[in-house]
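S.K.: curious how this folds, go ahead:
(chains A and B)
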There are 2 protein chains.
Amino acid sequence: MNSYSSKLVENAVNELARLPGIGRKTALRLTLHILKKDTVQAEALGNAIIMMKNEIMYCSVCHNISDTEVCEICSNPKRDKQTVCVVEDIRDMMAIENTGQYTGVYHILGGIISPMDGIGPGELNIESLVNRISSGEVNEVIMALSTTIEGDTTNFYIFKRLKEFSVEITTIARGIAIGDELEYADEITLGRSILNRMPYQNTLDK
Amino acid sequence: MNSYSSKLVENAVNELARLPGIGRKTALRLTLHILKKDTVQAEALGNAIIMMKNEIMYCSVCHNISDTEVCEICSNPKRDKQTVCVVEDIRDMMAIENTGQYTGVYHILGGIISPMDGIGPGELNIESLVNRISSGEVNEVIMALSTTIEGDTTNFYIFKRLKEFSVEITTIARGIAIGDELEYADEITLGRSILNRMPYQNTLDK
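M.R.: Next comes the predicted model:
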């Protein structure tokens, strides 16, 4: 006898439990919740997942998810096409978009170089970045990757690939987070924030 | 512009965020995970949810979820049909099944009486319980509901409905959990466990 009383329920629990951060207990709770709700809602959920996966497109310029061939950011005439921010994935792009501080466009790598996970430069959207830059229409590439060994490796690899072009390559500022107390900051971040010190800016009047 | 870059993604996030315990951030994380995986897996998940909801049946005897008209427990000849354990929902039934200590059958109420949530006796599977007992084939009804006001109310209502039949009505034992230290037990549980004290049983030899 299977402990879920039903192959259908067991199947749903198995599929939900494959999602990250969802164990079998949570999967069962979600399954029983779906069973309690009406059929319309269950079909809306199931179809939303299937439709999204089948119909999603990726922007042919920056690899952002998109409902059209070129995404809303790349096709927006107000965005500065001469500045390209390189990010690991769509969530990092969304995080930067949410700051409201960036008016350029993006390039989504789809991951970072990580030999441990079998991800080399060939698995990432690096060739299309090189093609974009080689067109000569981009002035600045901002590297906004994680400060990890993998992130640093990817930064270095992209820097090597792009240095033949006349494009400025920058990285986002690293330092003490706003609101953080110095004594709790780690030494590497604190050390870098001293090396990369900047002219005083009065932020109180703004 | 919508911040998810895609109506399809936004739709999937919205549907996932309707599940209990899943906020918009988690829903986005799950959505992007599904986008990364292959289509087969996304379809398996979507179809598992839709199929389960459309094809699930409830046991005509005990209201357990089932793939057949009578569930695996009710149709199992080894289960004692003269003992019926009344539980709130399928998860409580699963918890009792997992103990491996119970060989009787169940009756799933589908909730407990809770006027605050608009749930009266009419919304629960109580009539079918009364019909089951009135057939005279059941010797004992074990009430295994939560020790809350709602649980006590439901116990009392069912007791009143069943007292005209020659059936023994019991409740599961309440007391100090095994492994718990007395000094940390709440007063009500400790008080009840003294009132409901039992003859000494040697459990060390088993």
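S.K.: check which residues of stretch A:47-55 are buried.
M.R.: Under the neighbour-count criterion of 16 or more other CB atoms under 10 Å in any protein chain shown, stretch A:47-55 has A:47-50, A:52-53 buried. Bear in mind the C-beta positions are built from the backbone N, C-alpha and C, glycine included.
S.K.: also near chain B: which of those, exactly?
M.R.: By CB under 8 Å from any CB of the partner chain, the members of those lying near chain B are A:47-50, A:52-53.
S.K.: residues contacting A:L32?
M.R.: If a contact means CB atoms under 8 Å, 6 or more residues apart in numbering or on different chains, then A:L32 has B:89-91 as its contacts.
S.K.: near chain A too, which of the residues you listed?
M.R.: Restricting the contacts of A:L32 to those near chain A by CB under 8 Å from any CB leaves B:89-91.
S.K.: filter the residues you listed down to the buried ones, PyMOL style.
M.R.: Buried residues among those (16+ other CB under 10 Å), as a PyMOL selection:
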select buried, chain B and resi 90
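S.K.: relative to B:S5, which of the ones next to chain A among the contacts of A:L32 is nearest.
M.R.: Distance to B:S5 across the ones next to chain A among the contacts of A:L32 (CB to CB) is lowest for B:R91, with 38.0 Å.
S.K.: wait, that closest one sits on A:L28?
M.R.: Yes. The pair B:R91 / A:L28 is scored as a contact, 7.1 Å apart, by CB atoms under 8 Å.
S.K.: out of the buried residues of stretch A:47-55, which are inside helices?
M.R.: The members of the buried residues of stretch A:47-55 that map onto helices under DSSP state H are A:47-50, A:52-53.
S.K.: flag every buried residue along the longest strand anywhere in chain A.
M.R.: Counting by DSSP state E, the longest strand found in chain A is strand A:80-87. Counting neighbours by 16+ other CB under 10 Å, one finds that the buried residues in strand A:80-87 are A:83-87.
S.K.: strands paired with that strand, and their directions?
M.R.: Strand pairing for strand A:80-87, determined by DSSP bridges: strand A:104-108 (parallel), strand A:140-143 (parallel).
S.K.: winner for burial among those strands?
M.R.: Comparing these on average neighbours per residue, with mean count of other CB atoms under 10 Å in any protein chain shown, the densest one is strand A:104-108 at a mean of 23.
S.K.: packing partners for whichever helix or strand comes after it?
M.R.: Using DSSP states H and E, the next helix or strand after strand A:104-108 towards the C-terminus is helix A:127-134. Judged by 3 or more CB pairs under 8 Å, 6 or more residues apart in numbering or on different chains; DSSP states H and E, helix A:127-134 is in contact with strand A:80-87, strand A:104-108, helix A:149-162.
S.K.: what's the angle between the longest one and helix A:127-134?
M.R.: Helix A:149-162 runs at 40 degrees relative to helix A:127-134, counting by axes from the mean of the first three to the mean of the last three CA atoms, to 10 degrees.
S.K.: what lies in contact with helix A:149-162?
M.R.: The contact list for helix A:149-162, computed with CB under 8 Å, 6+ apart, reads A:86, A:88, A:109, A:112-114, A:121, A:124, A:126, A:129-130, A:133, A:141, A:143, A:145, A:169, A:171.
S.K.: which of these are buried? Put it as a ChimeraX command.
M.R.: Provided next is the ChimeraX selection string for whichever of the contacts of helix A:149-162 are buried by 16+ other CB under 10 Å:
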select /A:86,88,109,112,113,114,124,126,129,133,141,143,145,169,171
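S.K.: going by neighbour count, list what's buried in stretch A:185-198.
M.R.: A:192-193.
S.K.: how far does it sit from the chain's center?
M.R.: 25 Å (CA atoms, centre = their mean, to the nearest Å).
S.K.: again, but for stretch A:31-46
M.R.: Relative to the centre of its chain, stretch A:31-46 is centred 30 Å away, using CA atoms, centre = their mean.
S.K.: how many neighbours does A:L28 have?
M.R.: Burial measure for A:L28: 21 neighbouring residues, criterion other CB atoms under 10 Å in any protein chain shown.
S.K.: then A:L182?
M.R.: A:L182, neighbours per other CB under 10 Å, totals 8.
S.K.: who's in contact with it?
M.R.: The contact partners of A:L182, taken as CB under 8 Å, 6+ apart, are A:176, A:190.
S.K.: for the most centrally placed residue in chain A, what are its contacts?
M.R.: The centre of chain A sits closest to A:D89, judged by CA atoms, centre = their mean, with a distance of 2.3 Å. Taking CB under 8 Å, 6+ apart, we find A:D89 in contact with A:108-111, B:32.
S.K.: which of the residues you listed sits closest to A:F165?
M.R.: Distance to A:F165, by CB to CB, is smallest for A:L109 among these, at 17.7 Å.
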